[in-house]
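Engineer: Just need the structure, nothing else, for what follows:
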Amino acid sequence: MTEKNLVDMSWDPVTRIVGSLGIHTKIDFANREVVDCHATSSIFRGYSVFLRGKDPRDAGFITSRICGICGDNHATCAMYAQNMAFGIRPPHMGEWIVNLGEAAEYMFDHNLFQDNLVGVDFCEKMVQKTNPSVLAKAETTASPHAAEHGFRTIADIMRALNPFEGSFYLEALQMSRLTREMFCLMEGRHVHPSTIYPGGVGTVPSNQLFSDYLVRLMKYIDFMKRAVPLHDDLFDFFCEALPGYDEVGKRRILLGCWGSFQNPETCDFKYANMASWGRDMFVTPGIVVDGELITTDLVEINLGIRILLGSSFYDDWDDGPMFVERDPLGNPVDKRHPWNQTTIPRPQKRELEGKYTWVMSPRWKWEKTGEHLALDTGGGPLARLWVTALAKRVDIGYVRATGASVEINLPKTVAHPEVTFTWKIPRYSSTIERNRARTYFQAYAAACALYFLERAMAELHAGNTATWTEFKVPEEGIGCGFHEAVRGVLSHHLVIKDRKIANYHPYPPTPWNASPRDSFGTLGPYEDAVKNTKLFEENGPDDFKGIDIMRTVRSFDPCLPCGVHMVIDGGRELRVVHSPRFGG
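Structural biologist: Residues are numbered from 1 along each chain as shown. Predicted structure coming up:
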């Protein structure tokens, strides 16, 4: 081993993501590896602060503004928490419509990120600058699935991903428009829904509505029949051309998925039944540790959540109130659980050896070992597919979990025959596998949408057109919503007192993934995945692009607006705007 000569290198902000993420590293160029990493965020937003005292009915509309990318995921998760706290169950039709909207969101966002943002990391122009020898090999390497996707060589795939001019890059943009239209048919407006409320939806079901969605869905499925084999060819090539590349960005398998797509046949939103109806979701919730599925119980998952501070810019809430001492089943609730959290921001100078980010450190306490696990989402799809495969519960014809894989069956479309894609549990939780899973989950979401359409049409033809259940806000109540935002685990935790929000904490995927070193010194997933990773870029320190590091960070699909939770001390007024009356 060559003696280490460390070079400090930072990327701040990281590009082609949403929000202000900084990655600060120490690199050993002699041994071509990263030896340390810190992930920082320089923005603070106070949703958990200014939701206090608000009308609980407004939670979904307010929290959808947390993010301009996956705001509907927040609105949906808030609605789940409201349903529990209000004691209501939406009609079946309302749930099928929500599922169709969320499926369209997964298709839209994953498609845009994969081919118009992540894809640039693997395009011809990028590879030419970072690994010219790999591009030269790609020019002479035939694509194994050229007959399916139409690109003769791997270099042709890379050229198709060149930004603003590559054919596949441009085609993906068209798919983004198509899937956003699908979303708006179901949820009214993208990205802040106008038709999702506690108790159901305001969307009016009709043959025309579902037909308009289906026409677009079939075009998207046609596209996916090319996208899946294209990405398989591209990612497999990198692992073959650069032996060991499958371990870039590898970390211990610590994956969390909170489940997605409620089954209205069994979901009553009662906390007492949450373990049961949670397991009936069409994406199974669960936690995977070292390849083993240790739980699929949403009650256990909920009670295990701990919010640690460590290296983040907040004061602790040791002397704060206990909002919830026991859950509705009588289980004790920890002081560090989101139901009992109080957000106390403390701005200060950034010190990488001390406090350095506005992101907190969510962890999951595994009672069996006492560990506070730094779970990650694998960018969302990796955890979703891994948990669903191991749980072996989902079997709807279009999608089937086998215990070791997930089979995705797509019917005949205009340009392609029917096809079955099989996502298999990989050896590693790594950069390439996070990206690969993203493509497969697009096909998964499309397949589920076909099933949801069938069920919604059956309800329509049976005359079951109600989409909303009336409710009253209780004097007191608690609720929790569990869902999957595009990039992974999403939970909302609500406490109501005197018909007002007493406490509210949303925990999206980016706090889990972008978290800093916690109170125990445990690195967050970005930091952990980058640290010790091998570097395959051919450039030296004077012209270093950091492509392997950036591929690793982007494989998690960072979205920093969700990562931190603007508050003005003392209620200082910024500006008053008076809108004139019409004709005034």
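Engineer: which is the next helix or strand following the top helix by length along the chain?
Structural biologist: Longest helix in the chain, counting residues (DSSP state H): helix 207-241. Going down the chain from helix 207-241, the next helix or strand is strand 254-257, by DSSP states H and E.
Engineer: since we're on residue 347, how many residues are nearby?
Structural biologist: 8 (other C-beta atoms under 10 Å). Quick note: C-beta positions are derived from backbone N, CA and C, even for glycine.
Engineer: quick one: it and residue 44, what's the gap?
Structural biologist: 8 Å (C-beta to C-beta, to the nearest Å).
Engineer: who touches both of the two?
Structural biologist: Residues touching both residue 347 and residue 44 by C-beta atoms under 8 Å, 6 or more residues apart in numbering: residue 313.
Engineer: Could you check how far residue 363 is from residue 493?
Structural biologist: Counting by C-beta to C-beta, the gap from residue 363 to residue 493 is 15 Å.
Engineer: Check residue 369 too.
Structural biologist: From residue 369 to residue 493 the distance is 24 Å (C-beta to C-beta).
Engineer: Between the two, which is the more surrounded one?
Structural biologist: residue 493 (24 against 9).
Engineer: low-scoring pLDDT stretches of the stretch 51-200 of the chain, where are they?
Structural biologist: In the prediction, the stretch 51-200 of the chain carries no residues with pLDDT under 70.
Engineer: how about the strands of it, start to end?
Structural biologist: For the stretch 51-200 of the chain, strands defined by DSSP state E, counting those that start in this stretch occupy the ranges 196-197, 200-201.
Engineer: Determine how far the last one lies from the middle of the whole chain.
Structural biologist: Distance of strand 200-201 from the chain centroid (C-alpha atoms, centre = their mean, to the nearest Å) equals 23 Å.
Engineer: Please renumber the chain so that the first residue is 14 from this point on.
Structural biologist: Got it, first residue is 14 now, which makes that one strand 213-214.
Engineer: who's in contact with it?
Structural biologist: 103-104, 107-108, 110-111, 199-200, 208, 479-482.
Engineer: right, and residue 89 touches residue 496 too?
Structural biologist: Yes. Shown here, residue 89 and residue 496 form a contact pair, counting by C-beta atoms under 8 Å, at 5.7 Å.
Engineer: Which neighbours do these two have in common?
Structural biologist: residue 115.
Engineer: picking up where we left off before, save the contacts of strand 213-214 as CSV, and put in neighbour count too.
Structural biologist: Shown next, in CSV, are the contacts of strand 213-214 (neighbours: other C-beta atoms under 10 Å):
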residue, neighbour count
103, 28
104, 19
107, 27
108, 24
110, 30
111, 29
199, 29
200, 28
208, 21
479, 14
480, 24
481, 18
482, 16
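Engineer: Present the residues you listed as a markdown table; the columns should include distance to residue 289.
Structural biologist: Output for these, formatted as a markdown table (distance: C-beta to C-beta, whole Å):
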| residue | distance to residue 289 |
| --- | --- |
| 103 | 18 |
| 104 | 20 |
| 107 | 20 |
| 108 | 16 |
| 110 | 23 |
| 111 | 20 |
| 199 | 27 |
| 200 | 27 |
| 208 | 28 |
| 479 | 24 |
| 480 | 24 |
| 481 | 24 |
| 482 | 20 |
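Engineer: Name the nearest of those residues relative to residue 424.
Structural biologist: Closest approach between the contacts of strand 213-214 and residue 424, by C-beta to C-beta: residue 199, at 20.9 Å.
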